[in-house]
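Student: Fold the following.
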Amino acid sequence: MYLEKPVELQVEVTQKCNYNCGFCFNQNVQAQGKELGLEQLKKIVDKAGEEGIERIRFTGGEPLLREDTFQILEHAKGKGLYVLLNTNASLVDEAAAEKIEACVDSVLVSLHAFDGVSEAKLSGGKGAFEKKIAAIKALAGKKILLRVGTILSKENIENLEKFHELVLELGLENWALFRPIPSPQNKQPVSGDEMAKAVEKLNKINRENGSEFLIENALPFCCCEPEDAKRAAVGGANDDGHTKLSVDCGGKIKPSYYLDQDLGNVLEVSFKEAWESDFMKRLHALEFIAEPCHKCKHLVECRGGSRFSALFCNGSLYSLDPLADPEKYWSELEGKSG
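Tutor: Predicted structure coming up:
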């Protein structure tokens, strides 16, 4: 399970956003103060390349709100890195799509509403849905890997089939689903039963269409029938610092967007030092999991679900993920992990 270095560096260039989605964790985070400047961000890019990190993702907030974002993207591309961009696409027109094509390899567009009414309710933006669809179509015509991502909020789970219809209508092959992250305003954005419904619906969509759309952030396999969850979810590899490191807009290196463990200032500490810190060694050794997880046969893939959610909702990295219910499914979980 241990990697010598992270496969991806995630860099938050701003916390500012022109949307106000209720389920977004970032809107509940206190501003970090002054954002890193262009030259500082270029140094981070250079450091990533020098340390052999091949993928760098720029995110926010909404990254394109920064006037110098394209300079940052161009610098990363010029260094030979695989460049990824997360965006709500609100600022993407045909001209912006052409600029993105020139300096970005992969774009993840947030798609959390399936029509104009649901988009207006979500972000409050008049005409925002039509603009987003136009942006997706513009990006779809470019030589980039285009992905759309949907948060599995309660409303979105109920309307998952409508999202799938939209994905098909747009001719998109890459649709990522994400379990919502608890926030101070909403510690239980979805219940285990609701997540089980999402898993059931997603597996049905994949089965009937020959697709492989997955829940890509950490989800405990015991949130529902474990084998069903395993078919629908990647597991815990993409979360909590297992394969990636994050840098917030103030320059702090962290295990992930949400897990706020301070691994040092990015301008003072190498990524190697952060990756090999005592905390990260313990995390990679799967020390920070609940006791029942140690005996679960799905441990290597599930990794105990979201460690941030366990800490945030249950007070400890050694707690169960709030969606986990190992007692209910223990007969299907017990066994040699691997």
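
Student: Make sure L122 is indeed in a helix.
Tutor: Yes - membership of L122 in a helix is supported by DSSP: H, G, I helix; E, B strand; the rest coil.

Student: Tell me the secondary structure at the residue lying closest to it once chain neighbours are set aside.
Tutor: Nearest non-adjacent residue to L122, counting by CB to CB, 6 or more residues apart in numbering: A113, 4.8 Å away. All C-beta spots, glycine's among them, are computed from the backbone N, C-alpha and C. Per three-state DSSP, the secondary structure class of A113 is coil.

Student: wait, isn't A113 in contact with F129?
Tutor: Yes - using CB atoms under 8 Å, A113 is in contact with F129, at 6.0 Å.

Student: what touches both of the two?
Tutor: Counting by CB atoms under 8 Å, 6 or more residues apart in numbering, the contacts common to A113 and F129 are E119.

Student: And for the residue nearest to L122, the neighbour number?
Tutor: A113: 25 surrounding residues under other CB atoms under 10 Å.

Student: what about L283, distance to G61?
Tutor: Noted for L283: a distance of 26 Å to G61, by CB to CB, to the nearest Å.

Student: residue boundaries of the helices in the stretch 51-200 of the chain?
Tutor: Counting by DSSP state H, counting those that start in this stretch, the stretch 51-200 of the chain has these helices, from start to end: 69-78, 94-103, 116-123, 128-140, 154-158, 160-169, 192-209.

Student: What helices and strands are in contact with the third one?
Tutor: Where contact means 3 or more CB pairs under 8 Å, 6 or more residues apart in numbering; DSSP states H and E, helix 116-123 is packed against helix 128-140.

Student: Could I get the buried residue list for the helix it packs on?
Tutor: Buried residues in helix 128-140, counted by 16 or more other CB atoms under 10 Å: A128, F129, K131, K132, I133, A135, I136, A138, L139, A140.

Student: Equivalent analysis for stretch 302-315, please.
Tutor: Those would be 302-314, for stretch 302-315 by 16+ other CB under 10 Å.

Student: Closest one of the buried residues of helix 128-140 to K43?
Tutor: For the buried residues of helix 128-140, the closest approach to K43 (CB to CB) belongs to L139, at 29.0 Å.
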